[in-house]
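Q: Next input, structure requested:
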Amino acid sequence: MKEKLRTNSASPLYAQLMEQIREDVLRGVYAPGTRIPAETELESRYGVSRVTVRRALQELTAGGLLERKQGKGTFVALPREDRKERPLRGFHEACRDLGRRPSVPLCRAQEREAAPAERLRLNLPEDARVLEISRVLSADGEPVVLERRVFSMAYAWLAQGDLTSSLYDTLQEYGVRAEKSTYDLSLAPARGEEALQLKVPEGSVLLRAEQTVYDQRGRPLHTGVSLIRGDRFPLRI
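A: Alright, predicted model coming up:
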C-alpha cells in the first residue's frame, strides 16, 4: 500500500516520515526488538527519496527509538542496559554534597523550533516550539559544566525566573518534581566556544551526558546535553 506524505506541508518530508514511524511504534505496528521495513520499501510506500528515508531513520536512531544493526537493518530499540535510571539530583545539590559552592555565571533562555529528536523525547507535535535554557555552571568559581536543557513551552515561564538558581527547586515551588532521568554517557572533545567557556585547551576530553528527565507523573519534563569537566567535577551515578 502506498501512503503519500503531505508535499504542501511546511513540515519537511523527513520530519513527516519520522512522525509516521513513531506513531506506528506507539500503536504497536512495530514492536520493540522487531525490524522495521527496509529503506527501499519505505521509499516506495511513502513516495520519497532515499535521502529523506535515511534522514528520518538517522533522527529516530539518535532519539533512541530505533537502532541500526550492521548487515541486518533497523529495529525498534529495546530498553538499553547502559541507559541508567536513578533518583535525580541537580547541579546545586551535587555541589553542596561535595562541599563546594555552586554558581551560574552565564545563562541564556530562548524560544525556538523543536528539533525532531527533541519532539520525540518530549512527546511533542511536529510543529512544536521549545524553550532552551543554556547555562555555564561553576563550582567554587571554576566553570565545570556546560548545560543545555530543552523544555516544552508549557514551561516558558521559567525564562522569567532566576536562571542562576536551581531550576528543580523553582519547578518544585510550582508543584513539579523532577523524579527520575535516563541518560547516555560518552566522551567528547572540547571545541571552540565550549573550550573557552570551560577554560580548557581545545580538544580536551569532556564527559558528555545526554539526558531526559521525567516528572513525578512519569511525563517528560526536559531533555538536553551536559558537557562536564570530569577532572574537576566528578559525576556520581
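
Q: pLDDT below threshold where in this protein?
A: With pLDDT under 70 as the threshold, the chain has low-confidence stretches at 1-4, 7-10, 63, 79-88, 235-237.

Q: Secondary structure element holding the nearest residue to L131 once chain neighbours are set aside?
A: Closest residue to L131 apart from its sequence neighbours, by C-beta to C-beta, 6 or more residues apart in numbering: F151 at 4.7 Å. Just so you know, the C-beta spots here come from the backbone N, C-alpha and C atoms, and that holds for glycine as well. Taking DSSP states H and E as the definition, one finds F151 inside strand 142-152.

Q: How is the chain partitioned into domains?
A: Listed by automatic domain parsing, the domain ranges of the chain are 13-76, 84-228.

Q: would TSV of these with mean neighbour count and distance to P234 be doable?
A: Shown next, in TSV, are the domains of the chain (neighbours: other C-beta atoms under 10 Å; distance: least, C-beta to C-beta, whole Å):
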stretch	mean neighbour count	distance to P234
domain 13-76	16	26
domain 84-228	16	8
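
Q: Among the ones you listed, which comes closest to L5?
A: Of all the domains of the chain, it is domain 13-76 that lies closest to L5, at 4.5 Å by C-beta to C-beta.

Q: P116 contacts E59, doesn't it?
A: Yes - counting by C-beta atoms under 8 Å, P116 touches E59, with 4.4 Å between them.

Q: My read is that G224 contacts R149, right?
A: Yes - between G224 and R149 there is a contact under C-beta under 8 Å: 4.2 Å.

Q: follow-up on the earlier one: are there residues contacting both of P116 and E59? Which ones?
A: Y14, M18 (C-beta atoms under 8 Å, 6 or more residues apart in numbering).

Q: State the distance from D24 to A159.
A: Between D24 and A159 the distance is 35 Å, computed by C-beta to C-beta, to the nearest Å.

Q: what does V130 give?
A: In terms of C-beta to C-beta, V130 sits 11 Å off from A159.

Q: if you skip the residues just before and after it, what's nearest to G218?
A: Nearest to G218 is E179, by C-beta to C-beta, 6+ apart, at 7.6 Å.

Q: Which secondary structure state does A15 sit in?
A: helix (DSSP: H, G, I helix; E, B strand; the rest coil).

Q: so which strand or helix has T40?
A: Per DSSP H and E: helix 39-46 holds T40.

Q: what helices or strands is that helix leaning on?
A: helix 13-26, helix 50-62 (3 or more C-beta pairs under 8 Å, 6 or more residues apart in numbering; DSSP states H and E).

Q: Tell me the strands beside the strand holding F151, with direction?
A: strand 129-139 (antiparallel), strand 220-228 (antiparallel) (DSSP bridges).

Q: Dump the ones you listed into a markdown table; add distance to L196 as well.
A: Listed next are those as a markdown table, based on distance: least, C-beta to C-beta, whole Å:
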| stretch | distance to L196 |
| --- | --- |
| strand 129-139 | 10 |
| strand 220-228 | 12 |
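
Q: out of those strands, nearest to G71?
A: strand 220-228 (30.2 Å).

Q: if we can go back for a sec, and the helix holding T40 with helix 13-26, angle?
A: 100 degrees (axes from the mean of the first three to the mean of the last three C-alpha atoms, to 10 degrees).

Q: From the chain's centre, how far out is helix 39-46? Work that out for me.
A: 28 Å (C-alpha atoms, centre = their mean, to the nearest Å).

Q: cool, stretch 62-69 as well?
A: Offset of stretch 62-69 from its chain centre (C-alpha atoms, centre = their mean): 13 Å.

Q: same thing with stretch 43-54?
A: The answer for stretch 43-54 is 26 Å, by C-alpha atoms, centre = their mean.
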